[in-house]
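Participant: next input, structure requested:
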Amino acid sequence: MYLLYPSDPFNKSAVDEEYAEEFAAVIKAGLAYSLFSFEDFESDRFRARPVLPAGVKVVYRGWMMTPESYARG
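Facilitator: Down below sits the predicted model:
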């Protein structure tokens with residue numbers, strides 16, 4: 001399982017504080033993850049850090065999006 005979390009709006013290398021507890025459990029469990037700026041995504045600039053591996057199924061654990069936003073992702 002590969003997880004995708006939104007980053008803190010002011011620090012793209014840290015998870016959004018609303019997901020901090022869950023994110024700590026993900027790290028402790030050794031699961032793979034990436035962070036991305038939700039604000040950049042909403043401006044049509046998606047960049048996951050680290051880059052999402054090709055061919056993996058990703059579970060998004062973040063803020064709700066419109067159906068159009070999901071289609072863009």
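Participant: in this protein, which residue is most central in space?
Facilitator: For the chain, Tyr5 is the residue whose C-alpha lies nearest the centre (CA atoms, centre = their mean; 2.5 Å).
Participant: from what I see, it and Glu21 are in contact.
Facilitator: No - judged on CB atoms under 8 Å, Tyr5 makes no contact with Glu21 at a distance of 11.9 Å. (Glycine included, C-beta is placed from N, CA and C.)
Participant: how close does Leu35 sit to Ala24?
Facilitator: Distance from Leu35 to Ala24, counting by CB to CB, to the nearest Å: 14 Å.
Participant: which of those two has more neighbours?
Facilitator: Leu35 (24 against 11; other CB atoms under 10 Å).
Participant: so that one touches Pro6, yeah?
Facilitator: Yes - Leu35 is in contact with Pro6 according to CB under 8 Å; the separation is 7.2 Å.
Participant: which neighbours do the two have in common?
Facilitator: Val15 (CB atoms under 8 Å, 6 or more residues apart in numbering).
Participant: how many neighbours does Phe23 have?
Facilitator: Phe23 - counted by other CB under 10 Å - has 20 other residues nearby.
Participant: show me the shaky parts of this protein.
Facilitator: Residue ranges of the chain with pLDDT under 70: 72-73.
Participant: mind naming the longest helix for it?
Facilitator: In the chain, with assignment by DSSP state H, the single longest helix is helix 20-29.
Participant: that'll do, ta.
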